[in-house]
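[1] Sequence first, predicted coordinates after that:
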Number of protein chains: 4
Amino acid sequence: MDNKKEIILKAAIKVFASQGFFGARTREIAKAANLSEGTIYNYFENKEDLLKEIFESIWKNLIPELESKMKMIKNPDDRVDHLLTTTLNLFDTNRELAKVFLIELKKSKTLMMDSGYRLIQDIVRLIRGVLVEGMELGVYRKDLDLNIEPLILYGSVEGILTWWALDDKEVPDFSLKQAKDVLMKGYFRLVR
Amino acid sequence: MDNKKEIILKAAIKVFASQGFFGARTREIAKAANLSEGTIYNYFENKEDLLKEIFESIWKNLIPELESKMKMIKNPDDRVDHLLTTTLNLFDTNRELAKVFLIELKKSKTLMMDSGYRLIQDIVRLIRGVLVEGMELGVYRKDLDLNIEPLILYGSVEGILTWWALDDKEVPDFSLKQAKDVLMKGYFRLVR
Amino acid sequence: MDNKKEIILKAAIKVFASQGFFGARTREIAKAANLSEGTIYNYFENKEDLLKEIFESIWKNLIPELESKMKMIKNPDDRVDHLLTTTLNLFDTNRELAKVFLIELKKSKTLMMDSGYRLIQDIVRLIRGVLVEGMELGVYRKDLDLNIEPLILYGSVEGILTWWALDDKEVPDFSLKQAKDVLMKGYFRLVR
Amino acid sequence: MDNKKEIILKAAIKVFASQGFFGARTREIAKAANLSEGTIYNYFENKEDLLKEIFESIWKNLIPELESKMKMIKNPDDRVDHLLTTTLNLFDTNRELAKVFLIELKKSKTLMMDSGYRLIQDIVRLIRGVLVEGMELGVYRKDLDLNIEPLILYGSVEGILTWWALDDKEVPDFSLKQAKDVLMKGYFRLVR
DNA sequence: AATGAATGAGTATTCATTCAT
DNA sequence: TATGAATGAATACTCATTCAT
């Protein structure tokens, strides 16, 4: 059953989120999945592979999907709206996933340097594309810095998500819905 | 000699930056400090304590200094300028320190939840204070979201710094000086 | 079908010979036999049992056969000739079997102490019997050491076989046929 | 202290001899050496390294020593006498060492193919040299088979030693002193 | 204070064996 | 009988920390 891979991944997300990658014990992941330790190794190479697959199961779909959507949406503002909505929605129902994505990922040197860094590059490239076209269409300012401006947008979102994910109150200080509205408003001011 | 503590901390920053916290070996830190492993333990409790002291040696000074400066500077824009300048200057000459601060720190669960989270809180509070006063003075928009807007500024800076620190080219894609200018321009548009 | 037992034993000999007993994986034996792992356990107790049955499938027949032949052959020299011919022929067409017999067998403590040791005892006893009768018949020297002389013969053969089996060249340095002739010549000089 | 390496090696010989290489537990070796497990790894790479060093500590000295002695002794018979005496003496006081050397060694595939096989080659070469010179001097038969005759001598000795080492009686069936005399007598008959 | 040899708790991973289908 | 997914006991090795010198 491919089902089993998903069961294990879900268990791993849970344990990684609460214990951290290095603090997570394979035994605990197995227990959380209601399986034996050995079974994990029938489906995954090793512990790091778990983290990698969590990451890639999301990323592998996310980027191509966003890219194709960018082609369909013409209005630059709507594009950014879509980028934000999609990204924030992804984590909105799963703060544990957000923790693993935003924090645990960085603990694996190889993963961060391989996949993680590439993800940021992809996203930054996506944003840059939107800005460029917005500038060409004349709806955005001509003097946007294409190196730094995308990082500002990316960093804003990561900062907000990290804060929201780490917030240990049952209900965070703000909702991601709220955050999106503020981000959009800020974005409009930034680029026009 | 307090000198020796600094020697060890410098060695630790170097090793943490290149190997990561979990990948760093005390033996290597000792070698980098030209000391024996045992000596480290005359000055620090344990490995995590090293990370903590790296963090606090910076933070303990930074926040009070910024706070006092905030009292001396009256113009909200100048305040933000100072916040950015100080923060970016801190890392500009030491990318290794930036890596440890921005990435390694998050690997220590307790440190992140204790000190790291508190640092963000302090900074966010600082920024919020600046915004509040700017609004009261009538130079900033009245409708700033005081929960989220500070995170946007904080996140922007962290995003830029992380990208800049992880960049494995000898000379990064952009200078922090450049970044500051763009950040300030964006900030003006955001808050007015 | 008893057929299947043989298929598995042949697969086991192949894998034991190339990977060694401890290096052999049941999965690989199963694959070599074109069967699933579970099926092996329908025919054999466990991994060591495979080694034991390889050994006994040979030995169980070999010793009684040799013993009965010894009764039929009267001339002591012919007896030794038969012992050598039979033993060397057994392995001549199957170097893999020789490896398993001469080397892998020793890796199983219980097997070696149980069956292996007993095999040597049986063979040594056989040789001793031949020598005794040769002495009684007056064709062999009277002063043969009945403790050690049989071991010399046994050891000579094992030494030659081991060297021949381990030789990693496609064609070994010498043939077992050659070896037999030299052994016989040496034997004549030894006992007369 | 270099002493500690020896202590560990002695403990390893004891445990390897009684439990076999694969059956030996590092914990037990540590206990036998009155040290902690970790200490073993300060002096040896890993478990196989222990076996290797046991082997090489003997071999590294034995072969060069024998070679130089062969140059000093002129009489071929005396040379063989020395080879036998030295080899048998080496194990006479240490049956455990004999077990490790003759049996455990073969369990390590790499060790056996690397060092073990080379040892046999060295010894066989040594014997062959003696035979060649004996033939040239006219004291040995001209028709000795230089491929197989050395293996007969080597195998005889290994056969005798193995039997003697495996013998689980407190006092073995025969002494190595006795064995040497019989081997020499057999040797004379073989080569003349 | 400094050393670095000794410590030993801690854990990912393997793989022979089982058993539900 | 045959399967092969699931099991989980078993263990070599690491490395932060200690402590006798």
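    Nice, I can see it.

[2] Would you mark the buried spots in whichever strand or helix holds A:L151?
    A:L151 belongs to helix A:149-166 when assigned by DSSP states H and E. Buried residues in helix A:149-166, counted by 16 or more other C-beta atoms under 10 Å in any protein chain shown: A:149-166. (C-beta placed from N, C-alpha, C; glycine too.)

[3] What's the biggest helix in chain A, counting residues?
    helix A:47-72 (DSSP state H).

[4] Mean confidence (pLDDT) on whichever helix or strand comes after that helix, please.
    Moving toward the C-terminus from helix A:47-72, the next helix or strand (DSSP H and E) is helix A:76-92. For helix A:76-92, mean pLDDT is 94.

[5] again with stretch A:10-18
    So the average pLDDT for stretch A:10-18 ends up being 93.

[6] Might you name the residue of chain A sitting closest to chain C?
    A:N42 (12.3 Å; C-beta to the nearest C-beta).

[7] So the residue in chain A that chain D sits nearest to versus chain B, what's the distance?
    At 20.4 Å from chain D, A:N46 is the closest residue in chain A, using C-beta to the nearest C-beta. For A:N46, the distance to chain B (C-beta to the nearest C-beta, to the nearest Å) stands at 15 Å.

[8] Next, give phi and psi for that residue.
    As for A:N46, its main-chain torsions (degrees, to the nearest 10) stand at phi -170, psi -170.

[9] Can you work out which other helices and strands pack against the longest helix of chain A?
    Helices and strands touching helix A:47-72, by 3 or more C-beta pairs under 8 Å, 6 or more residues apart in numbering or on different chains; DSSP states H and E, are helix A:2-19, helix A:76-92, helix A:95-102, helix A:109-111, helix A:117-136.

[10] Run through the residues that contact A:G159.
    Contacts here follow C-beta atoms under 8 Å, 6 or more residues apart in numbering or on different chains; on that basis A:G159 touches B:L151, B:I152, B:Y154, B:G155, B:S156, B:E158, B:G159.

[11] can you rerun that using 6 Å?
    With contact taken as C-beta atoms under 6 Å, 6 or more residues apart in numbering or on different chains, A:G159 is in contact with B:L151, B:Y154, B:G155, B:E158.

[12] again with A:S108
    With the criterion set at C-beta under 6 Å, 6+ apart, A:S108 makes contact with A:E48, A:L51.

[13] go again using 10 Å as the cut-off
    Residues near A:S108 by C-beta atoms under 10 Å, 6 or more residues apart in numbering or on different chains: A:F21, A:F22, A:K47, A:E48, A:L51, A:K52, A:F55, A:D114, A:S115, A:G116, B:G20, B:F22.

[14] Same question for A:I120.
    A:I120 touches A:M112, A:P150, A:L151, A:Y154, A:G155, A:E158, B:G159, B:T162, B:W163, B:L166, counting by C-beta under 10 Å, 6+ apart.

[15] Need the max-distance pair from the residues you listed.
    Farthest-apart pair in these is A:M112 and A:P150; separation 19.3 Å (C-beta to C-beta).

[16] backbone phi and psi for A:R141, please?
    According to degrees, to the nearest 10, A:R141 has phi -50, psi 150.

[17] With adjacent residues omitted, what lies nearest to A:D173?
    Nearest non-adjacent residue to A:D173, counting by C-beta to C-beta, 6 or more residues apart in numbering or on different chains: B:N147, 5.6 Å away.

[18] Am I right that A:T85 is in contact with A:M184?
    Yes: at 9.4 Å, A:T85 and A:M184 qualify as touching, with contact defined as C-beta atoms under 10 Å.

[19] I figured A:I13 hits A:A32, correct?
    Yes: A:I13 is in contact with A:A32 according to C-beta under 10 Å; the separation is 9.5 Å.

[20] Of the two, which one has the most company?
    Comparing A:I13 with A:A32 by other C-beta atoms under 10 Å in any protein chain shown, the one with more neighbours is A:I13, at 22 against 18.

[21] Now for the more buried one: which residues touch it?
    So A:I13 contacts A:I29, A:A32, A:L50, A:L51, A:I54, A:N94, A:E96, A:L97, A:K99, A:V100, A:F101, A:E104 (C-beta under 10 Å, 6+ apart).

[22] Let's see that with 6 Å instead.
    A:I54, A:E96, A:L97, A:V100 are the contacts of A:I13 under C-beta under 6 Å, 6+ apart.

[23] Columns neighbour count, distance to B:A179 and pLDDT on top of those residues, output as TSV?
    Listed next are the contacts of A:I13 as TSV, based on neighbours: other C-beta atoms under 10 Å in any protein chain shown; distance: C-beta to C-beta, whole Å; pLDDT from 0 to 100:
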residue	neighbour count	distance to B:A179	pLDDT
A:I54	21	31	92
A:E96	16	32	90
A:L97	19	30	91
A:V100	24	29	89
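
[24] Let me see the contact set for A:I7.
    Contacts of A:I7 (C-beta under 6 Å, 6+ apart): A:A33.

[25] 10 Å instead?
    Applying C-beta under 10 Å, 6+ apart, the residues near A:I7 are A:M1, A:A32, A:A33, A:N34, A:L35, A:T39, A:Y43.
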